[in-house]
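Asker: next comes the sequence, and after it the predicted model I'd like to discuss.
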Amino acid sequence: MKKVLYPGSFDPITKGHMNIVEQASELFDEVVIAVLQNKSKNVGFFTLEERLEIVKELYKERDNIKVVLGGGAAADLALLHGCKSIIRGIRGISDYEHEVELTMANREISNGEVNTILLFADKEYQFISSSMVKEVFDLEKDISRYVDPLVNEKMLMKRMGN
């Protein structure tokens, strides 16, 4: 069975992320989505546990998609879950250098056992990022074209204090 790890903070998970998951699920027998805490960001919109639950809810009907909580190096997580590859979404040249650095680090950490595959989201999702979604949301503008209805609902509920 060919398995791939898709690590990310997913705060929030966007239609761009979901497009990458769909592409990966066509290429691999199983996609393991690892919800991580981004250490470079002190506070997220959703807690780690909220993000995990949202992503699990989105994929609860999909037998070939597993959602886990992750920590540490992506390469270590990949090996822990039996994945020889990591999927990373890339929006364009601005993401490229960072992704090359991560790719080299993950290959070194895994002693060459884990490779990284870069996938481009479909053109209608190329410009979407979690940061952009949060900025638009903070302006109290409609984010429904950027996120799944479940995510939109959860963000609105969180804004109202629920």
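Answerer: Structure's in. What do you need?
Asker: quick one, helices of this protein?
Answerer: Per DSSP state H, the chain carries helices over the ranges 15-27, 48-58, 74-80, 93-109, 130-138, 149-159.
Asker: quick one: buried residues of the first one?
Answerer: By neighbour count on 16 or more other Cβ atoms under 10 Å, the buried set for helix 15-27 is 15, 16, 17, 18, 19, 20, 21, 22, 23, 24, 25. C-beta: built from backbone N, CA, C; applies to glycine.
Asker: in terms of secondary structure, what does that helix contact?
Answerer: strand 3-8, strand 30-35, strand 85-90, strand 115-120 (3 or more Cβ pairs under 8 Å, 6 or more residues apart in numbering; DSSP states H and E).
Asker: which ones are touching residue 82?
Answerer: Contact analysis of residue 82 by Cβ atoms under 8 Å, 6 or more residues apart in numbering lists 1, 3.
Asker: what does residue 143 give?
Answerer: Going by Cβ under 8 Å, 6+ apart, the list of residues near residue 143 reads 133, 136, 137, 152, 155.
Asker: got it, and residue 76?
Answerer: Applying Cβ under 8 Å, 6+ apart, the residues near residue 76 are 109, 110.
Asker: what distance do you get for it to residue 105?
Answerer: Computed as Cβ to Cβ, to the nearest Å, the residue 76 to residue 105 distance reads 11 Å.
Asker: for this protein, name the helix or strand with the lowest mean pLDDT.
Answerer: When each helix and strand of the chain is scored by mean pLDDT, DSSP states H and E, helix 93-109 comes last, with a mean of 88.
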